[in-house]
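Q: Dropping the sequence and predicted coords here.
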Amino acid sequence: MIMKTFLLSIFTFTCLQASAQQHIISLQESKQAAIAYSYALKNSELRINSAKTDVAAAKSDYLPSVSATGLGLFGFKDFISAMPPLLEKGINNFYLFGVTGTESLYAGGKIKTGNQLAALQLQVSQIRKKQSADSVILLTEQKYWNLVNIQEQQKTILVNEALLNTVLKMQKDMLVSGLIARNDLLKVKVQLSQLLVNKSKLQNGRWVAQLDFSMYTGIAFDSLMVMQDTLNKNSSPVLPALQPDTNLARNANYQLLTKRIEGEKLHTRLAGADNLPNLAVGLSASQTGSINSGIGSNFAPASFVTLSIPISGGLWGRGKQKVRKQRINEQIAQNDFQDGQNQLKVGIIRYWYDMQDQLTQISYAKDNLEQATENLKVNQDNYKAGLATISEVLDAQTAYQQASSTVVTAFADFYVRSAVYNYVTAKAEDRP
């Protein structure tokens with residue numbers, strides 16, 4: 001009794017130690033790590049900052065344009081010879097510098113439209129960042145549930161390995177007793193060897209999947225990495241709602257389609273502005289003179305007004321054709337919007353029914369597993385009673401292993417399809 005208690009204590013301590021060494025990772029932790037690590041999101045943030053500089057540049061067009069000019073000339077000979085008494089010395093140098101400021105009063109709406117385009121591009125960059133974030137979450141979930149699937153498949157392998165080892169031990173005892181032929185023992189060994197090969201392949205596949213998961217999420221690779229979620233085969237998952245959510249207001253692709261229409265309209269307005277008059281006022285001040293020539297400098301302030309009226313461009317030239325082309329682009333964008341909107345709704349409904357189909361697959365797989373379990377038990381009992389052959393037992397074990405594996409895959413596939421549905425309905429960030 002003391003020895004049993006001692007061995008039980010050692011076993012419990014070993015299990016606790018192994019559990020403590022495992023690196024448990026939750027789905028939420030995985031998504032947060034991937035969001036923080038993603039280079040795609042970092043580039044999206046940089047594109048937003050770039051768009052903000054365009055907004056600032058567009059706003060500066062409302063301010064006056066100021067420029068300075070300077071000119072200096074020096075001749076090896078006099079430009080103008082001395083003409084006493086009017087000009088005692090010849091002039092061999094000349095300088096000019098001035099400042100000019102111009103303020104646009106009307107530019108056909110170019111400045112306002114340019115600011116609206118810059119603001120629109122900033123909005124597009126922000127939407128694309130959200131789109132990238134949703135994509136990162138989707139890929140992370142897919143990789144996570146793939147690892148969960150592999151973990152559960154390994155559990156299935158271990159159960160079947162223990163089952164075959166039990167059969168093998170029984171076969172060895174029966175062979176020693178002369179109750180069976182050696183050929184029956186070899187059949188069990190062959191099936192066990194094949195299972196061990198699959199076990200090794202599954203472990204190698206898990207390491208590759210863990211490495212891929214680590215490189216994508218930025219979580220340090222660890223051979224003891226274990227996904228926290230398991231696939232509870234005693235109950236079935238449920239749909240996220242009673243019917244598909246075809247409201248596209250939050251969908252990033254839908255938002256980009258609407259922004260494209262807005263952008264084409266602004267480009268049309270910008271093209272039309274080239275055919276409208278331009279009015280601007282300005283002020284200039286200049287200083288001219290010559291050094292050591294006996295002539296003083298001259299300061300000359302001046303104001304001016306400029307008016308430019310394009311005629312041929314808007315009536316029959318390139319400007320008119322450019323506007324017509326932009327209106328065609330507007331119609332193309334509108335058609336793409338209608339088509340894209342329909343395709344997005346069809347996609348949502350399709351992924352919804354994919355989840356429903358997968359729930360059906362889970363139900364059938366669970367029934368099949370129940371039947372395979374009962375069939376295995378019956379064949380084992382019949383074999384012990386001499387009413388079945390070892391081949392029948394091994395066939396039942398193979399069917400049981402396949403049924404167990406199918407159930408695990410069906411559950412994992414449902415969660416992957418659920419992740420895709422949440423992605424297309426713009427609810428990826430709502431996932432727990």
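A: In hand now; what should we look at? Residues are numbered from 1 along each chain as shown.
Q: model confidence over the longest strand along the chain, on average?
A: Counting residues, the longest strand in the chain under DSSP state E turns out to be strand 93-106. For strand 93-106, mean pLDDT is 88.
Q: Partner strands of it, with direction?
A: Pairing partners of strand 93-106, with direction, according to DSSP bridges: strand 65-74 (antiparallel), strand 278-289 (antiparallel).
Q: Heading C-terminal from that strand, find the next helix or strand.
A: Per DSSP states H and E, the first helix or strand lying C-terminal to strand 93-106 is helix 110-176.
Q: Mind putting the strands paired with strand 93-106 into a markdown table with mean pLDDT, distance to Gln321 and mean neighbour count?
A: No exception for glycine: its C-beta is placed from N, CA and C like everyone else's. Formatted as a markdown table, the strands paired with strand 93-106 follow (pLDDT from 0 to 100; distance: least, C-beta to C-beta, whole Å; neighbours: other C-beta atoms under 10 Å):
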| stretch | mean pLDDT | distance to Gln321 | mean neighbour count |
| --- | --- | --- | --- |
| strand 65-74 | 88 | 30 | 11 |
| strand 278-289 | 89 | 20 | 15 |
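Q: And the ones you listed: which comes nearest Ser223?
A: Across those, Ser223 has its closest neighbour in strand 65-74 (64.4 Å, C-beta to C-beta).
Q: Can you pull out the residues in contact with that closest one?
A: Strand 65-74 has contacts (C-beta atoms under 8 Å, 6 or more residues apart in numbering) with 79, 92-104, 286.
Q: Buried subset of these as a PyMOL selection?
A: For the buried members of these, the matching PyMOL selection, counting by 16 or more other C-beta atoms under 10 Å, is:
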select buried, resi 92+94+96+98+100+104+286
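Q: Could I have the CA atoms of the longest strand of the chain written out in CSV?
A: Below are the C-alpha coordinates for strand 93-106, written out as CSV (Å, rounded to 0.1, in the frame of the first residue of the first chain):
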residue,chain,number,x,y,z
ASN,A,93,27.8,95.5,-61.8
PHE,A,94,24.0,95.3,-61.1
TYR,A,95,21.9,93.6,-58.5
LEU,A,96,18.2,92.9,-58.0
PHE,A,97,16.3,91.1,-55.3
GLY,A,98,12.6,90.9,-54.7
VAL,A,99,9.7,89.2,-52.9
THR,A,100,6.4,88.2,-54.5
GLY,A,101,3.3,86.9,-52.8
THR,A,102,0.3,85.5,-54.6
GLU,A,103,-3.1,84.6,-53.2
SER,A,104,-5.6,82.6,-55.3
LEU,A,105,-9.2,84.0,-55.1
TYR,A,106,-10.7,81.5,-57.4
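Q: Give the residue farthest from the middle of the chain.
A: Here the chain reaches farthest from its C-alpha mean at Pro85, the gap being 84.0 Å by C-alpha atoms, centre = their mean.
Q: gap between stretch 174-185 and the chain center?
A: In this view, stretch 174-185 has its centroid 60 Å away from the chain centroid, taken as C-alpha atoms, centre = their mean, to the nearest Å.
Q: show me what contacts Asp413?
A: Per C-beta under 8 Å, 6+ apart, neighbours of Asp413: 358, 361.
Q: Run through the helices of the stretch 301-432 of the chain in chain order.
A: 312-315, 318-384, 390-424 (DSSP state H, counting those that start in this stretch).
Q: hey, which of those is tucked in deepest?
A: Most buried of the helices of the stretch 301-432 of the chain, by mean neighbour count (mean count of other C-beta atoms under 10 Å): helix 390-424, with a mean of 21.
Q: pLDDT weak spots in the stretch 201-350 of the chain?
A: Low-confidence segments of the stretch 201-350 of the chain (pLDDT under 70): 293-296.
Q: Count the neighbours of the residue nearest to Arg327 when sequence neighbours are not counted for me.
A: Distance criterion C-beta to C-beta, 6 or more residues apart in numbering; nearest residue to Arg327, sequence neighbours excluded, is Thr268 at 5.8 Å. Thr268: 20 surrounding residues under other C-beta atoms under 10 Å.
Q: what about the helix or strand harbouring Thr268, distance to the chain center?
A: Here Thr268 sits within helix 252-273, counting by DSSP H and E. Mean C-alpha position of helix 252-273 versus that of the full chain (C-alpha atoms, centre = their mean) differs by 24 Å.
Q: Check which helices and strands it is in contact with.
A: helix 110-176, helix 318-384 (3 or more C-beta pairs under 8 Å, 6 or more residues apart in numbering; DSSP states H and E).
Q: Distance to Val424 for the ones you listed - can I get that in a markdown table?
A: Compiled in a markdown table, the helices and strands packed on helix 252-273 are given as follows (distance: least, C-beta to C-beta, whole Å):
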| stretch | distance to Val424 |
| --- | --- |
| helix 110-176 | 9 |
| helix 318-384 | 5 |
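Q: quick one: Asp212 and Gly205, what's the gap?
A: Counting by C-beta to C-beta, to the nearest Å, the gap from Asp212 to Gly205 is 10 Å.
Q: Could you look up the SS state of Leu231?
A: The three-state label given to Leu231 by DSSP: H, G, I helix; E, B strand; the rest coil is coil.
Q: if I look at the nearest residue to it once chain neighbours are set aside, how far off is Gln397?
A: The shortest distance from Leu231 to any non-neighbouring residue, by C-beta to C-beta, 6+ apart, is to Phe411 (4.1 Å). Phe411 is 22 Å from Gln397, where distance means C-beta to C-beta.
Q: swap in Ala209?
A: 27 Å.
Q: next one: Gly263
A: Separation of Gly263 from Gln397 (C-beta to C-beta): 63 Å.
Q: before we move on, the earlier item: of all the strands paired with strand 93-106, which one comes closest to Lys155?
A: Nearest to Lys155 among these is strand 65-74; the distance by C-beta to C-beta comes to 72.7 Å.
Q: my read is Leu276 is in a helix, agree?
A: No: the assignment for Leu276 by three-state DSSP gives coil, which leaves it out of any helix.
Q: dump the residue contacts of it.
A: With C-beta under 8 Å, 6+ apart, Leu276 has these contacts: 107-109, 310, 314.
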